[in-house]
Structure formats: structure tokens, C-alpha cells
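**Q** Mind folding the following:
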Amino acid sequence: EVQLVESGGGLVQPGGSLRLSCEAAGFPVSKYAMAWVRQAPGKGLAWLSAINGADGADGSTFYADSVKGRFTISRDNAKNTLYLQMNNLKPDDTAVYYCAKYPSSTYASGKFFDSRGQGTQVTVSP
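**A** Predicted coordinates:
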């Protein structure tokens, strides 16, 4: 059974940093493309970043314009964990953050993911 458990959210001041973690179980994160998405209050789900699988793909990373240069996606295969390092956080970054798994090793724009975690709340406020 695929399980994704996010952690690391919290309250942070504008300009601050957080690192989110997503512990995966039931599959190796190295073999699948993974993503981070978020849902702000009153808004739909927004894709933020993805990373290709390391096995069978090139491990490339992809970012939405809204977070490019501020957020970094990474993966620790030994810990079977996905990360999102978030720097220079802004109030508009306030949202519930989810990690997600794609059904193959490669990401493509518009591709649907087949599993998603329960989310972790990030609040950016003075």
C-alpha cells in the first residue's frame, strides 16, 4: 500500500525558511517522479515542483514560476523521503502542502499523480 506522510510545516515569518519532508512507504521514491503541490485557502490545488525518478529517468527537477529560485525539491533514496526546502517565504505561500507520486518515473506538464499525502500546513505571517 502506498503511503505518503508530510511533516515540517508550521508558522514562519515572511522571509523565513522551512523544510518539508514526505516519508514514503510501499514503493521506492527513486523509481517514480514525485511532486509537491499546495492548496491555499479558498483556492484549488497548485502544482509547485517535481523531480524525475533516479532509476529509469534522469532525476531532473521542475518548478512553477511562483517558487523558482526560492524552493528546492530533493530526495533521499536511502531514507525513502522527498523534501521541499522553502526559502524567502511570503504570505502568499500560506497553504496546505502535499507531496504526490506520479505513476511513472518521468514528470510531464498536466500529468496526473496517482497518490497524495494528507498534507502539512504552512502559514507565513508576521
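**Q** Tell me the secondary structure of Leu89, please.
**A** Secondary structure of Leu89, reduced to three states by DSSP: H, G, I helix; E, B strand; the rest coil: coil.
**Q** just checking, it touches Gly10?
**A** No. Because the distance of 10.8 Å does not satisfy CB atoms under 8 Å, Leu89 is recorded as not touching Gly10. Yep, even glycine has a C-beta here, placed from its N, CA and C like the rest.
**Q** Quick check: the residue nearest in space to the middle of the chain vs Gly53, distance?
**A** The chain has Trp36 as the residue nearest its centroid, 2.2 Å off, counting by CA atoms, centre = their mean. Relative to Gly53, Trp36 is positioned 15 Å away (criterion: CB to CB, to the nearest Å).
**Q** next one: stretch 78-94 to chain centre, how far?
**A** Taking the mean C-alpha point of stretch 78-94 and that of its whole chain, the gap between them comes to 7 Å (CA atoms, centre = their mean, to the nearest Å).
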